[in-house]
Every structure is written in structure tokens, then in C-alpha cells.
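Student: Give me the fold of what follows.
(one chain, ligands or ions: 2)
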Amino acid sequence: MTETSTVLITGASAGIGAAYAERFARRGHDLVLVARNKARLEVLSEQLRKEHGVSVDVLQADVTNADDLAAVETRLRDDDRIGILVNNAGASLAGTFVDQAASDITQLIALNATAVARLAGAVAPRFIKAGSGAIINVSSVVGLAPEFGMSVYGATKAFVTFLSQGLSLELGPKGIYVQAVLPAATRTELWELVGIDVNTLPAVMEVGELVDAALAGFDKREPVTIPPLHDAAQWDAYQTARQAMIPGFAQVHAAERYRSAS
Ligand SMILES: NC(=O)C1=CN([C@@H]2O[C@H](COP(=O)(O)OP(=O)(O)OC[C@H]3O[C@@H](n4cnc5c(N)ncnc54)[C@H](OP(=O)(O)O)[C@@H]3O)[C@@H](O)[C@H]2O)C=CC1
Ligand SMILES: CC(=O)[C@H](N)C(=O)O
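Tutor: Numbering: from 1, shown residues only. Ligands and ions are numbered 1, 2, ... in the order given. This is a model prediction of the structure:
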């Protein structure tokens, strides 16, 4: 990854992805913008070329469609200029678990989880060969909070955070930086798409502030960046508590509290 390597951003036609595109263009990076809505991508790319003098390619793709996903994977495998992948495309799901149709659950997992792993998997071997590269995965604080009542959405985001932490450990020693970004409620169209008026939420971050904070974490090479978390020590304590359990998992016998049944 060079200072100005090309950045491929999924879900770049709106919201957080469009803000990443603008911020990376401002830093002088050429871009490959991916989403389904080609017209919106064209308008944004024209604006970024004009305002920042960068080169912008549009790659229309539905990353839940097998052929389209394969085309994005091919671009990531073959285009040596791409040094940063932003896995941002995602959506939420309306209703509670029992209201959600099996087809919608399948679609959400394909978008929020499968595509993220597949695209990281497509680019990683080339990055390993180069000894550099970065993967930014946009997750969510919802993945830390089953209490929020968004079980399937939260599960996809727990997957993204776990995948990112795992990849950071696996790929970090090979020169690749992997970052999980965990926004909380951010003012984008995502809310309207699931029938929620964003103005009714108690606290909402503006998308520019969110992406600037995420990029501050990127510049520090943080493995996990949580822009709304003011007390960073809370995340550190959570990691310490989790890691403290690990040595205890290797056991021949079940814990005492489970031994009374027979
Ligand atoms: N907004 C929020 O409060 C939060 C958002 N996030 C996460 O941030 C990420 C971006 O969301 P946000 O900007 O808010 O949402 P938006 O709805 O504003 O943008 C979503 C982007 O993803 C693209 N997209 C959706 N489905 C597909 C698909 N099947 N294939 C390709 N692209 C697709 C959309 O473009 P198009 O329709 O053109 O395909 C759009 O560019 C998501 O992963 C979301 O979960 C995390 C925490 C909070
Ligand atoms: C709850 C949501 O759907 C939102 N995308 C979030 O992750 O906070």
C-alpha cells in the first residue's frame, strides 16, 4: 500500500461509503466505487474527479449476486493499483426476528457477512505477495449489544468484527492492516430503508464526523475503531476480560457446575 494507492469502496453510492470516497479523494487516492445504483455512482465520481483531480472508476455490482460478486473479486485480485479495500456495503432489517422472512435473513447475511469475507479473501493473497495493503470493514456497535433487539443484523456485525480481529492477527504479521469500524447510529438513508425516522433517535452522528473519526483510527493503525465510544478504557477492559478466559478453555473435564446430572 502506498500513500496514494487506489481504494475500492463497496456501498459507495450513499452514506458512509460516499463519505469514505470523498475523504480518500481529498487525500489524493484514485478510487473504484462499487454499488448497484450506477447513476448515483457516476454523479459522485464526476464530482470527485472535478474537485480532487483523482481518477475514479465505477463498478456497478450487487454484491449479493454471484456473478457481480465474482466480478468485484476479480477486480480485487487483478488490479495491482488497489491497495485499500473498504468493505462498507450493508443494510439493516426491519422488525423483530419472528417477523423477518427467511429470504430477507438470507439476503442480509449475504450482504453484511458473506460479501465482506469473500472480498477480503479475494484481495488478501495479492496484499500478502506485496507485503502491504489495508482492509477496512464497516461493522457496528450493534454487534456488541444483543440488548438492542436487532438479532440478525447484530449477528452479521459481530461476524464482521470477529472476522476483522481474526484477520488482523493472521494478516498483520504479513504487512496487512485490517481495521474494524464500529459506528453507532449515523445519519444515512439506511434508517429510512427500514422504516425508521432517523430524527426520532436519541443521538445520531453526522456521516462526515463518523468517517473522519474512523480515518483517525485508520491513521493510528487501530485494529478496532469505535467512534462513539468516549471511554477507550472500556474497550480495553472488555478485550482483557475476554482474553483472560482463553487459557481456561483447554479442559479435560466439564466445569463443576455441570457435573451433577448423572
Ligand atoms: N447508518 C448507521 O447508523 C450505521 C451504519 N452502519 C453500517 O455502515 C455501512 C454503510 O451503511 P450506511 O451508509 O448507513 O447505509 P446507506 O443505506 O446510506 O448506504 C448503503 C450503501 O450500500 C450499498 N448497497 C446496499 N446493498 C447493496 C448490494 N446488494 N450490493 C452493493 N451495494 C449495496 C448502497 O448502494 P446501492 O443501493 O446503490 O447498491 C449504498 O451505497 C453498512 O455496513 C451499515 O451496516 C453501521 C452502524 C451504524
Ligand atoms: C441499528 C442499525 O441498523 C444501524 N445500522 C446500526 O448499526 O446502528
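Student: And the pLDDT at S260?
Tutor: At S260, the model reports a pLDDT of 81.
Student: Run a quick neighbour tally on it.
Tutor: Here the count is done by other CB atoms under 10 Å, and S260 has 6 residues near it. In short, each C-beta sits where N, CA and C put it, glycine included.
Student: Relative to ligand 2, how far out is it?
Tutor: The spacing between S260 and ligand 2, counted by CB to the nearest ligand atom, to the nearest Å, is 41 Å.
Student: From one end of stretch 105-122 to the other, what's the distance?
Tutor: Start to finish, the residues bounding stretch 105-122 are 24 Å apart (CA to CA, to the nearest Å).
Student: do stretch 99-114 as well
Tutor: As for stretch 99-114, its first-to-last residue distance stands at 23 Å under the measure CA to CA.
Student: ok, now stretch 75-94?
Tutor: Taking CA to CA as the measure, stretch 75-94 stretches 33 Å from start to finish.
Student: anything in it near ligand 2?
Tutor: Yes - using CB under 6 Å from any ligand atom, stretch 75-94 comes into contact with ligand 2 via S92.
Student: Wondering if that stretch reaches ligand 1 at all.
Tutor: Yes - if you take CB under 6 Å from any ligand atom as the test, stretch 75-94 does meet ligand 1, through N88, A89, G90, A91.
Student: check contacts around K157.
Tutor: With contacts taken as CB atoms under 8 Å, 6 or more residues apart in numbering, K157 has the following neighbours: N112, S139, S140, V142, G143, L182.
Student: Mind listing what's buried along the helix or strand harbouring A39?
Tutor: Applying DSSP states H and E as the criterion places A39 in helix 38-52. Of the residues in helix 38-52, those with enough neighbours to count as buried (16 or more other CB atoms under 10 Å) are R40, L41, L44, S45, L48, H52.
Student: my guess is R75 meets R81, correct?
Tutor: No - proximity of R75 to R81 does not meet the contact threshold set by CB atoms under 8 Å, at 10.4 Å.
Student: and the two? which has more neighbours close in?
Tutor: Set side by side, R75 and R81 give different neighbour counts by other CB under 10 Å, the larger being at R75 (19 against 14).
Student: for the closest residue to the more buried one other than its chain neighbours, phi and psi?
Tutor: Nearest-residue entry for R75: L59, 6.2 Å, with adjacent residues in sequence omitted and distances by CB to CB, 6 or more residues apart in numbering. Torsion angles at L59 (phi, psi; degrees, to the nearest 10) stand at phi -120, psi 100.
Student: just the one 4 residues further on next, same as before
Tutor: Backbone geometry at V63, expressed as degrees, to the nearest 10, gives phi -70, psi 0.
Student: Could you count how many residues lie near it?
Tutor: Using other CB under 10 Å: V63 sits among 24 other residues.
Student: Isn't it up against A91?
Tutor: No - counting by CB under 8 Å, V63 does not reach A91; the two are 10.9 Å apart.
Student: list residues touching both of the two?
Tutor: When CB under 8 Å, 6+ apart defines a contact, the residues bordering V63 and A91 alike are L111.
Student: Fine by me, we can end here.
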